[in-house]
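J.: kindly generate the corresponding structure for this input.
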Amino acid sequence: MSMKAAREIYPPVENLPVHASVYQQESLLEFRCRADYVLSKLLSETAPGQTVAVVTHGGMINQLYRGGSPSSH
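T.: Numbering: from 1, shown residues only. You can find the predicted model right below:
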């Protein structure tokens, strides 16, 4: 699907509360919780001194970088 077609079918929704979702997607809050869960699991299962590489997209990195409550940003 082209970006133009996607924008027509799924237009951006501005000022969406962090707990709300559209188009059967997860909310920003759910996304943040998923990011926190995965990072916590990786940290708890990694031995001290062990190196782990995580490959992800910018949206996930932004959620982890923000820290704290998503509603405070």
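J.: secondary structure class for the residue nearest to L64 when sequence neighbours are not counted?
T.: In space, and not counting its chain neighbours, L64 is closest to A35: 5.1 Å by CB to CB, 6 or more residues apart in numbering. Placement of C-beta: from N, CA and C, glycine included. With DSSP: H, G, I helix; E, B strand; the rest coil as the basis, A35 sits in helix.
J.: what sits against A35?
T.: For A35, the contacting residues are 60, 63-64, by CB atoms under 8 Å, 6 or more residues apart in numbering.
J.: please enumerate the strands of this structure.
T.: For the chain, applying DSSP state E gives no strands.
J.: can you give me the helices for it?
T.: With helices called from DSSP state H, the chain shows them at 3-9, 28-45, 58-66.
J.: which one of the ones you listed lies nearest to N15?
T.: Closest to N15 of the helices of the chain, according to CB to CB: helix 28-45, at 11.9 Å.
J.: quick check on A47: phi, psi?
T.: Backbone torsions of A47, given as degrees, to the nearest 10, read phi -70, psi 150.
J.: take the helices of the chain and write them to JSON lines, including distance to A20 and mean pLDDT.
T.: JSON lines is the format used below for the helices of the chain (distance: least, CB to CB, whole Å; pLDDT from 0 to 100):
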{"stretch": "helix 3-9", "distance to A20": "19", "mean pLDDT": "94"}
{"stretch": "helix 28-45", "distance to A20": "8", "mean pLDDT": "90"}
{"stretch": "helix 58-66", "distance to A20": "16", "mean pLDDT": "82"}
